[in-house]
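Peer 1: Pasted the sequence and its predicted model underneath.
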There are 2 protein chains.
Amino acid sequence: MAPIIPSEVDVLIVGAGPAGLMLALWLSRLGIVTRIVDKRTDKVFSGQADGFQARTLEVLDSFGIGERVWKEANRMFEVSFWNPNPDGRIQRNNRAPNNVVGLSRFSESVLHQGRMEGFFLDGIAASYPHPANPAHQIKVERMIIPTSLTIDKDKVDDDDAYPITVTLRHLSEEEATPTQRLSNFRDGLFRSNLAGDDVASTIEKSNGRKDVREEVVKAKYVVGCDGAHSWTRQTLGKDFEMRGEMTDFIWGVLDIVPITDFPDIRNRCMIHSASSGSLMIIPRENKLVRLYIQLTEVKAGGGRVDRSKITPEMIFKAAQKIISPYKLDYHYCDWWTAYQIGQRVGDKFSKLDRVFLAGDAVHTHSPKAGQGMNVSMQDAYNLGWKIGLVCKKILHRNILSTYELERKQIAKELIAFDHKFSRLFSGQPAKNVMDENGVSMEEFSKAFNMSHMFTSGMGVDYKSSALVAKPPEQPISKCHTKVKEDQATVHSQAQSTPSLATNCKPGMRFPSFQVVAQVDARPWQLHHKMPSDGRFRLVVFSGDISNPARRKVVNDLGVWLSEDVLPRYPRIMLSPGSDPHGGVMKFETDRYPSIIDILLVHTARRDKVEILRDLNDIYHPFDPKLGWDYDKILVDAPSYHDGYGHAYEGYGIDPKNGALVVVRPDGYVGLVTSIEEQGWTEVEKWFRGVLRSV
Amino acid sequence: MAPIIPSEVDVLIVGAGPAGLMLALWLSRLGIVTRIVDKRTDKVFSGQADGFQARTLEVLDSFGIGERVWKEANRMFEVSFWNPNPDGRIQRNNRAPNNVVGLSRFSESVLHQGRMEGFFLDGIAASYPHPANPAHQIKVERMIIPTSLTIDKDKVDDDDAYPITVTLRHLSEEEATPTQRLSNFRDGLFRSNLAGDDVASTIEKSNGRKDVREEVVKAKYVVGCDGAHSWTRQTLGKDFEMRGEMTDFIWGVLDIVPITDFPDIRNRCMIHSASSGSLMIIPRENKLVRLYIQLTEVKAGGGRVDRSKITPEMIFKAAQKIISPYKLDYHYCDWWTAYQIGQRVGDKFSKLDRVFLAGDAVHTHSPKAGQGMNVSMQDAYNLGWKIGLVCKKILHRNILSTYELERKQIAKELIAFDHKFSRLFSGQPAKNVMDENGVSMEEFSKAFNMSHMFTSGMGVDYKSSALVAKPPEQPISKCHTKVKEDQATVHSQAQSTPSLATNCKPGMRFPSFQVVAQVDARPWQLHHKMPSDGRFRLVVFSGDISNPARRKVVNDLGVWLSEDVLPRYPRIMLSPGSDPHGGVMKFETDRYPSIIDILLVHTARRDKVEILRDLNDIYHPFDPKLGWDYDKILVDAPSYHDGYGHAYEGYGIDPKNGALVVVRPDGYVGLVTSIEEQGWTEVEKWFRGVLRSV
């Protein structure tokens, strides 16, 4: 049966790279009617972005595709710094861990972008058939380009309207293939920032065609994930132009299977040669190694560089020179490219909260810090559930303004980081302490080590908003950039008491520790109980419920939640793929779960607790077809085979006090408050500001 | 392109259940021309066998499909014992761990057989295209039944001959569907041992057909994995009849989503009621629970039972009675069956070492101990590489006799265990210490706990043979059964020195501990460096190679291996799926690895070792297209993020002495000897007895 392609969609995504696919994955899990179109004939097969932050792996894992990356990718645990010795010969100065120990169960890893795109497609397929919309299934539609976009401003506040009209043009195979490919010469630069924009020329070329096929799509939301030359951004007008600057630094990239006597070839290495430029080694999957090579012999001279001078041979010779006296050769080259270092960011991330920009469409920078694909995917991860739950009329529409609030800050931090780091790495090493033009190797090494929180993706700290209840004394989080006050949107009425959970910071990602299941002693990463299925989580850290007083607190809370909170808010239909670590639900029920998922983490001895006897039904909800739910009660206790997670210690919670933590559908902490009655008010205020009531 | 179905095959497998599929998987990895036929129209979709031993998970993991089971299966960590209290009401007497801690990285798990069969098919597909035979691919051919088998005895010792002739009949859809299915009533007994053999009747029925389609296949080897009613076994004649006995105990099985207030429903439970029989609870994936229910109201009376009396309702009522006063109900029933407890085993596992029997075809017993599917798969796992490497002319043909030697012993141990355990569980609890007819609950609980080594699959200890060099004082391992001397085949000329590696016992499975890679500090389970790809491993435990004296020992060994050992033995072409934890090899080389894979595990500080400078090339072999191999040198050291494996301690090796361990392609220890020159002689003798030289 051919899929039905709707001409009225909730969401139209332009571009099927990492940002577009992440967004499509989210929307597939939520059962949102979505189309995703891409101008190219096919996905990427080699090269391109390859670095995965630990936080990205956590996010992918929440959709059930993280462990596939984790298994196939090369994990980078160590970094070596090689600098010139007094004779000018490179030598290893230092070796250091490449990740902060204990920050995440994942570490920085590398795998080529095409493989990742394949995993996304599998993840999308696993969402179907979605009970909310059994006939619909998202498929990437290739060789399609938008040619016009209009927004009916009168309808932007109407929940049921489709205010956006987009014309889509179906390209021929030839039109969708980059010119460089047609010439049968694999030009590594065709997706580089040294290449021009080919969208305008593609449109123009196809204008001449007699049988040009176009269709009109009405959409509630459009998201431009269409890369650095974003057609969507250009269409939105001058306000959306990106600002920033280019440097004169040109770098080349080679993916090769190296044949070398350089001893650290399977380590991440930062090599500063005395006068031939710098080289970064990124060991990859399948015996591949990526080399980022500074091209000191090509000059940008203030403008664009002459692309014809850049060849793989020339890049490789530069690498040989830097790594000398070690020998470097190769038989297989998988991919190559070159780029000019520069940073640009847009001022506006959305128009009327109906058209959004994500990823390279709104911020670009140099690839070396392994951030690009990650920040792009995180943009989409931040946006997807918000659009999806607004479409489902679960979330207030004004929540959409938090996208720009939250992600522009990250983009600016990224630009600032890249600006600093790329200049330190491209600069010539200082010959001695008196050499003011050179880069001090101590400074470089220190900057690198300081950057771990940022480059792991764990440093993200979203500002105060309806979604983030900061404590009273700290209404706006400190950040590296200034945001206009009018963007700060609705502030949460609720206030956090961060001292109750010192490592669950409102605005930051809720960390994961191992706990064990009350019913069967199975160890779980708490993250695995919080998949990306669109639900908010209220995590009840109760302390020792074998103590009758504590048990009363927990059960009183349970009564309040079941009588005053859950009935007020909608239920949600979950996709078959929604619980990737808990198994695919095979049996149907008539009842769907609340949008607020309640997890209890206690510290009592497991054998002192009988859940049906001791605990309010809210902690083990009953279903007439499936019986009680045994999966929501967890214990901070040692496991039989896998050690002890020490979760309360990890979260910074005193078992004597306990805590309530509200976690957003994207895994960021929204509220930390007390489990006692004074906390209930904050919980009520927080959800009231975010969710629409039924 | 339609696959070419050869009429001359190296191996013909009859039956595509767990044993047949495991064998097909092995042979697919080795690139052996194989056909696998099955009489049924399709694979199993629910129910059937569901228990996975830890050892089975290790084996599946060595093919890259273990983690899929591990993720989807329900893992059982705890077992509860419920017995009658003095008033006759059941109560929990005891809760205990369900697995021995530290034995394996896996624990006993349950997932239905059909899912497993799907993983096998994926694992087989991942083996192709195999460089040794790019045009061939194993596919399960369904609705096919053998009708005749003859062996040309004159050719059994000819490597190149196809001494076996088999006639295969292609069935119609109707003929291949069990009668019970045709009647539109899902009869849970149709694969039970209460059902009769339908092969003879199927053949007879199809004899009448005018257009009966048959083909003749010539095979080097035939393996009957065709279940308890094995046509292959019956065809081999009277010598192959199974012997054993049936009991009067009848048990029912239900897979349901229970609705119950029984508090341990998500634990494995052994319930002895006072007088209503016994019940075992096996919590499963997807909210399912399997109940094994003793049916005290059906009598076998020495003969076969009246099947028509056994219905799901009647089984369920028996369960309700046993679990009373707790309430038990259900809405969904996924599968049901019933069986009569009995144990039977064949005396001969092979004819002329050309036709073999595996799994239920040669031993049957009751399912409750979760052993059946495991022992069947392990039979095939033991046999697959032996047949495969004999076909490749790498292994001496007489090695094939070790299959019966090794697996008949295990079958007999299984029968003895099942005999004891099923009677203890089916017996009525003793009312008091004076009740001699009753079963003592202490005795039962003790027997259960004693059985862990056996039921985990870790207790397997193969006898002395060419493949297992036991120490001189212990030529035949102690085992529960007597084996005729003439079966003991060629004994290894080599002798182990087990004191050098006290936890690597010749004949037992080589355990796995975490080590870290020398080149990049990545933690690895040592098992992940030893996938099931057909290679033997020589694991060099060198101790501290930063000590020049130790380094000299290791490098002297390296010179000897590269000059005197490896050149003598063949190389092997590996399938694309052969290294499931190391990534799929994307780049071709002209050199294939030696059948003997050398791994070095040292205890020096990582930063004191430079592998190209310090170590003989044999430990990092050079390939002109791929450069040096960086993957073979491992360190017993702490990892950055995942703790310390303490591998030397785990293997029982003193770093001051070191050790050489030869591990067979199926992961069992063949030889433990010294790393110094006196050990080399043993290594030489061992391989000479096993491998053909080039």
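Peer 2: That came in fine, so what should we check first? Residues are numbered from 1 along each chain as shown, chains lettered A, B, ... in the order given.
Peer 1: contacts and neighbour counts: CA atoms only from here.
Peer 2: Will do.
Peer 1: and the nearest residue to A:H331 once chain neighbours are set aside, how many neighbours?
Peer 2: Nearest residue to A:H331, sequence neighbours excluded (CA to CA, 6 or more residues apart in numbering or on different chains): B:K625, at 5.4 Å. Residues lying near B:K625 (other CA atoms under 10 Å in any protein chain shown) number 18.
Peer 1: thought B:K625 was touching A:K287?
Peer 2: No - counting by CA atoms under 8 Å, B:K625 stays clear of A:K287, with 11.2 Å between them.
Peer 1: So for stretch A:463-479, mean pLDDT?
Peer 2: What stretch A:463-479 shows for mean pLDDT is 74.
Peer 1: Would you map the strands across the stretch 51-200 of chain A?
Peer 2: Applying DSSP state E, counting those that start in this stretch to the stretch 51-200 of chain A gives strands spanning A:51-52, A:74-75, A:78-84, A:90-97, A:109-110, A:140-142, A:144-151, A:164-170.
Peer 1: go on, the stretch 451-600 of chain A?
Peer 2: Under the criterion DSSP E, counting those that start in this stretch, the stretch 451-600 of chain A carries strands at the ranges A:514-517, A:523-525, A:536-543, A:596-602.
Peer 1: what about the second one and chain B, any contact?
Peer 2: This points to strand A:523-525. No - with CA under 8 Å from any CA of the partner chain as the criterion, chain B is not reached by strand A:523-525; the gap is at least 9.6 Å.
Peer 1: Packing partners of that strand?
Peer 2: If you count contacts as 3 or more CA pairs under 8 Å, 6 or more residues apart in numbering or on different chains; DSSP states H and E, strand A:523-525 packs onto strand A:514-517.
Peer 1: Starting from the strand it packs on, tell me which strands it pairs with and how they run.
Peer 2: When pairing is defined by DSSP bridges, strand A:514-517 lines up against strand A:523-525 (antiparallel), strand A:633-635 (antiparallel).
Peer 1: Contacts for that strand next, please.
Peer 2: For strand A:514-517, the external contacting residues (CA atoms under 8 Å, 6 or more residues apart in numbering or on different chains) are A:522-526, A:631, A:633-639, A:644-647.
Peer 1: what does stretch A:628-647 give?
Peer 2: Stretch A:628-647 is touched from outside by A:513-519, A:521-523, A:598-606, A:619-623, A:648, B:77, B:97, B:101-102, B:105, B:259-260, B:266, with contacts defined as CA under 8 Å, 6+ apart.
Peer 1: report the angle between the axes of the one helix or strand A:E204 maps to and strand A:144-151?
Peer 2: Per DSSP states H and E, A:E204 falls inside helix A:199-207. Using axes from the mean of the first three to the mean of the last three CA atoms, to 10 degrees, the direction of helix A:199-207 lies 100 degrees away from that of strand A:144-151.
Peer 1: buried set for helix A:199-207?
Peer 2: Buried positions in helix A:199-207, judged by neighbour count with 16 or more other CA atoms under 10 Å in any protein chain shown: A:V199, A:T202, A:I203, A:S206.
Peer 1: Tell me the buried residues in the lengthiest helix in chain A?
Peer 2: What stands out as the longest helix in chain A, according to DSSP state H, is helix A:402-426. Going by neighbour count (16+ other CA under 10 Å), the buried part of helix A:402-426 is A:402-415, A:417-419, A:421-422, A:424-426.
Peer 1: A:H396 and A:M143: what is the separation?
Peer 2: 35 Å (CA to CA, to the nearest Å).
Peer 1: which one of these two has more residues nearby?
Peer 2: Legend: neighbour count by other CA under 10 Å for A:H396 and A:M143, higher for A:M143 (20 against 17).
Peer 1: May I have the phi/psi pair for the closest residue to the more buried one other than its chain neighbours?
Peer 2: Excluding the flanking residues, the one nearest A:M143 by CA to CA, 6+ apart is A:K39, at 4.4 Å. Dihedral pair for A:K39: phi -80, psi -20, per degrees, to the nearest 10.
Peer 1: repeat for the one 10 residues further on
Peer 2: Main-chain dihedrals, A:A49, degrees, to the nearest 10: phi -60, psi 150.
Peer 1: Wait, it touches A:R115, no?
Peer 2: No - in this structure A:A49 lies outside contact range of A:R115 using CA under 8 Å: 10.7 Å.
Peer 1: re the thing from before, can you give me the neighbour number for the residue nearest to A:M143?
Peer 2: 24.
Peer 1: so who does it touch?
Peer 2: A:K39 is in contact with A:G15, A:R142, A:M143, A:I144, A:I145, A:L171, A:A176, counting by CA under 8 Å, 6+ apart.
Peer 1: Can you check what pLDDT the model gives A:A369?
Peer 2: A:A369 is given a pLDDT of 65.
Peer 1: Please apply the same query to the one 3 residues further on.
Peer 2: Looking at A:G372, its pLDDT stands at 81.
Peer 1: How many neighbouring residues does it have?
Peer 2: A:G372 has 24 neighbours, counted by other CA under 10 Å.
Peer 1: With the one 5 residues further on instead?
Peer 2: A count of nearby residues for A:M377, using other CA under 10 Å, gives 24.
Peer 1: does it sit in a helix or strand, and which one?
Peer 2: Going by DSSP H and E, A:M377 is part of helix A:372-391.
Peer 1: where does the residue nearest to A:V519 when sequence neighbours are not counted fall, helix, sheet strand or coil?
Peer 2: Spatial nearest neighbour of A:V519, chain neighbours left out: B:R266 (6.0 Å); criterion: CA to CA, 6+ apart. Three-state call for B:R266 (DSSP: H, G, I helix; E, B strand; the rest coil): coil.
Peer 1: Where does the prediction get shaky in the stretch 201-350 of chain A?
Peer 2: A:300-304 (pLDDT under 70).
Peer 1: For chain B, give me its nearest residue in it.
Peer 2: Chain B sits closest to A:I259 of the stretch 201-350 of chain A, with a gap of 4.3 Å, by CA to the nearest CA.
Peer 1: The nearest residue to that residue once chain neighbours are set aside: what's it in contact with?
Peer 2: Leaving out its chain neighbours, the residue that sits closest to A:I259 by CA to CA, 6+ apart is B:G627, at 4.3 Å. Remark: with contacts taken as CA under 8 Å, 6+ apart, B:G627 is in contact with A:V257, A:P258, A:I259, A:T260.
Peer 1: Next: A:L111.
Peer 2: For A:L111, the contacting residues are A:D50, A:G51, A:F52, A:V69, A:E72, A:A73, A:N74, A:R284, A:E285, by CA under 8 Å, 6+ apart.
Peer 1: from those residues, which has minimum pLDDT?
Peer 2: For the contacts of A:L111, the pLDDT minimum is A:D50, 80.
Peer 1: you'd agree that one is up against A:H112?
Peer 2: Yes - assessed by CA under 8 Å, A:D50 is found in contact with A:H112 at 4.6 Å.
Peer 1: Mutual contacts of these two, please.
Peer 2: By CA under 8 Å, 6+ apart, no residue touches both A:D50 and A:H112.
Peer 1: which stretches of chain A aren't confidently modelled?
Peer 2: Counting by pLDDT under 70, the ranges of chain A that qualify are A:1-4, A:43-47, A:178-191, A:195-196, A:300-304, A:368-370, A:433, A:473-490, A:583-584.
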